[in-house]
Each structure stands twice: as structure tokens, then as C-alpha cells.
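Student: The sequence and its predicted three-dimensional model are supplied below.
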Amino acid sequence: MRLQCATIAVTIATLAGSVSALALTQEEILNYKGADRDKVLIEGAKKEGQVVFYSGMIPNQTLRPLADAFQKKYPGVKLNFWRADSEEIVTKMQAEQRANNMVGDVLEGTGVGELAVSANLVQPFTSPVLSEYPEQFRDPRKFWAPTRLSYFGIAYNTKQVPANKVPKSWDDLLDPQWTGKMAWSFGPATAAGLMITTIRKVMGEEKAKAYFEKLGKQKIANLAETSRTVVDRTMAGEYALGLAIYAHHPLISKAKGAPVDTVLFDPVASAAGVMLVAKNVPHPHAAMLLVDFILSKDGQDIMAKSQYFPARPDVPALPELAPIVPSAVDFKDLFVTPEDLQNYADSSAKILNDYFR
């Protein structure tokens, strides 16, 4: 009789635990800190069966290797991905929210953070893996987590710009020799907007305004193209300097024999690609497994091998890209958060229009 009662008690306790786990709200799942967190997430994710990832990363280069490694670690949980630019991802998420038919679970990109938060498309979450990241890469509101870093610099054509003429500071761009010989990807949501914001943060508003008045007279070509295209046109000889470019792009082309290189200004502007979890997320358990995986050393190592800069400090970039990591050249890293980009967006857009249109 006692054995029977004990068995019944254990059964009731087990069922109660299962019911408790199943009864967790989305908010509780996304912020669960219990000792059995992994068990809860894995069991829930297997029942959900999949996670849908909207990302700006290149499919063959990064997304497929991520999916393969994730599915190997969590059999029975399929990772489906869709690649698009940040604006396209936000537009798709807005359409799904309006239709009350959510498909995407986790969204990721450089520039997607401030857009998604301001559009009220995402919800706070937490991961214990974030404790392994520098504080500057953590959102105090818990809306986003970093996936990869981007460093920004100046591209120059090595056939047109001798080593002793390469600009080394913002003031060097004011030299008359560069008038009409510089280009950038123009617009507030592009790297040109980030460059304007960076200069304001470095110089302060008064000095920055005086600087923009002078730089605006340098006849910078405003290209309605990507920063990668700015690099391509610089190495083709159309321009001597490409401004506000992703600093690793010239290095990749240089390694293939192209006449282009990167120069950094101190401090080096950096921004993070970030991931966020959708409101009304269809697969909350699987979404958090994916967040944990991308933040993990294994996930970040995949980023590094696919020529991205891992946000995780204990995973180094590829040796050929290391020269543009600020710490490698004893430069300061000026990290521009998604909130900075949002807060400066309208005023930096006005500066672009006032001085460079």
C-alpha cells in the first residue's frame, strides 16, 4: 500500500512538472533561467519541430553551415532560413503581424535592430550565454543580442593612391587632392549615415558641423548602391577613395589580387549584426535554442570561418581579416549601438541632405 501511494505521488509530481513546463507563457520561455533550462527548451523544441530564421547573412557562406550544425546538435528540430536585407525582413514581419499569421521566429541583420524595435515587432529575451559577452554588446532592455561585428573604414585604390598619400584621419579627407575623387553609398540607412553619426560622436556637435561644411565641398559622389559596390568601383579606378565601407571587403578583394586596400581611422566605428525574437513567436522553445546556439562558441566559430567578425570575444577572426580588428592595431573601438543609430537617424539624415545632397 505504501509503495502504491509512493508511486502515485511520484506520478502526480511528474505530471505536475510536465504540466508546469507546458503551461509556460512565451515570456516565461524566452526568459527561463531554471536549472533545467536546456531540458525544457529541447523538449519543447522537439514538439515544435522547427525554427524559422530571417537573416541578412549569405546562405551558402553562413546560413547553411549554421543550419547543418544546429540540426546535428538538435535532431528533430529543423532550421528553415530566408535571406534578405534588414528593410525587407522588417517589412515581411510587419505583414505577418498584420495578418496574425506569424512565420518567422528569429530575425537577424545589421540595421534590423532599431527598425524592428521601433516597429514593435519583437519582445525581450535572455540567454545565459550572454554573460560571456562584453557589457557593451548587451542590450539592457533585452530586445537584441549580437551575432557579428562590422568595422568601417576607407577603401583606396592602390594604383592611384601612393602609400605616403593614404589619408590617416578625418581631417585628411579635406585635402583638395581628394575633391571629386571620393564616393560613398548615400542615404541615412546606409554606411554614410553611420559615418555621419560616428563623426558627431567623435568630434561633438559643434566641431562636427564645421567639419561637415568643409567636407561637403569635396564633391563626394553619392551612389545609390551598396558599400560593396563602392569598393568595387574604387578598385576599378572610378574613384580614389571609397568612404564608409565595410573594412573587410577591400581585404578580401586585395587577397585576390585587386588594387585596393583598407585604412582605418582611430577610433574605428563598429556596429553589430543583431538577432531578435518576434512577438507572438510561433516556436518559442526552438527560437531560444537557436539564440543560444548562435551565441555559443560553436555558432560563432561558424561565423568566423565564413568571413564574418564574431561578436564573441574568445573566437578570433580569420588571420587575413585580423588587421582591421581595432585591438590588433591598438585603435579604440567606437561601438555604435542600434539605439544610437535610431536616436541619430533623423538628425544625421538632415545633415546628409543639408551638406551632401
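Tutor: Perfect, I can see it now.
Student: in the lengthiest strand in the chain, what's buried?
Tutor: Assignment by DSSP state E gives strand 145-157 as the longest strand of the chain. The neighbour-count check on strand 145-157 (16 or more other CB atoms under 10 Å) flags 145-157 as buried. C-beta here means a position set from N, CA and C on the backbone, and glycine is covered the same way.
Student: and those as CSV, adding distance to Val112?
Tutor: Below are these laid out as CSV (distance: CB to CB, whole Å):
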residue, distance to Val112
Ala145, 12
Pro146, 12
Thr147, 10
Arg148, 12
Leu149, 15
Ser150, 13
Tyr151, 19
Phe152, 17
Gly153, 22
Ile154, 25
Ala155, 25
Tyr156, 30
Asn157, 32
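Student: on that earlier part again, strands paired with the longest strand of the chain, and their directions?
Tutor: Neighbouring strands of strand 145-157 in its sheet, by DSSP bridges, are strand 241-246 (antiparallel), strand 260-263 (antiparallel), strand 268-278 (antiparallel), strand 309-310 (antiparallel).
Student: what's the burial count for Pro316?
Tutor: The burial count assigned to Pro316 is 16, neighbours taken as other CB atoms under 10 Å.
Student: Can you tell me the SS state at it?
Tutor: coil (DSSP: H, G, I helix; E, B strand; the rest coil).
Student: Next up, phi/psi of it, please.
Tutor: Main-chain dihedrals, Pro316, degrees, to the nearest 10: phi -80, psi 160.
Student: count of neighbours near Arg200?
Tutor: Residues near Arg200, counting by other CB under 10 Å, number 20.
Student: looking at it, it is touching Ala208, isn't it?
Tutor: Yes - the criterion here is CB atoms under 8 Å, and Arg200 meets it with Ala208 at 4.6 Å.
Student: can you list contacts of stretch 194-207?
Tutor: With contact meaning CB atoms under 8 Å, 6 or more residues apart in numbering, stretch 194-207 is reached by 152, 170, 184, 208, 211-212, 243-244, 267, 269, 271, 334, 336, 340-341, 344, 348, 351-352.
Student: out of those, which are buried?
Tutor: For the contacts of stretch 194-207, a neighbour count by 16+ other CB under 10 Å gives the buried set as 152, 170, 184, 208, 211-212, 243-244, 269, 271, 334, 336, 340-341, 344, 348, 351-352.
Student: Out of the residues you listed, which sit inside helices?
Tutor: With DSSP state H as the criterion, helices contain Ala208, Tyr211, Phe212, Asp340, Leu341, Tyr344, Ser348, Ile351, Leu352 from among the buried ones among the contacts of stretch 194-207.
Student: In CSV: those, plus pLDDT and distance to Met195.
Tutor: Formatted as CSV, these follow (pLDDT from 0 to 100; distance: CB to CB, whole Å):
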residue, pLDDT, distance to Met195
Ala208, 97, 11
Tyr211, 97, 12
Phe212, 97, 11
Asp340, 86, 13
Leu341, 81, 12
Tyr344, 88, 11
Ser348, 90, 9
Ile351, 93, 10
Leu352, 91, 10
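Student: where does the stretch 101-250 of the chain dip in pLDDT?
Tutor: 187-190 (pLDDT under 70).
Student: which residues in it form helices?
Tutor: When assigned using DSSP state H, counting those that start in this stretch, the helices of the stretch 101-250 of the chain occupy the ranges 112-118, 191-203, 205-215, 227-235, 248-255.
Student: Tell me which of those helices sits nearest to Val291.
Tutor: For Val291, the closest of these is helix 112-118, at 14.1 Å, according to CB to CB.
Student: Report the buried residues of that closest one.
Tutor: Val112, Gly113, Glu114, Leu115, Ala116, Val117.
Student: go on, stretch 311-319?
Tutor: Going by 16+ other CB under 10 Å, stretch 311-319 has these buried residues: Ala311, Arg312, Val315, Pro316, Ala317.
Student: Next, the contact list for the second one, please.
Tutor: Which is Arg312. Counting by CB under 8 Å, 6+ apart, Arg312 has contacts Glu132, Tyr133, Leu295, Lys297, Gln300.
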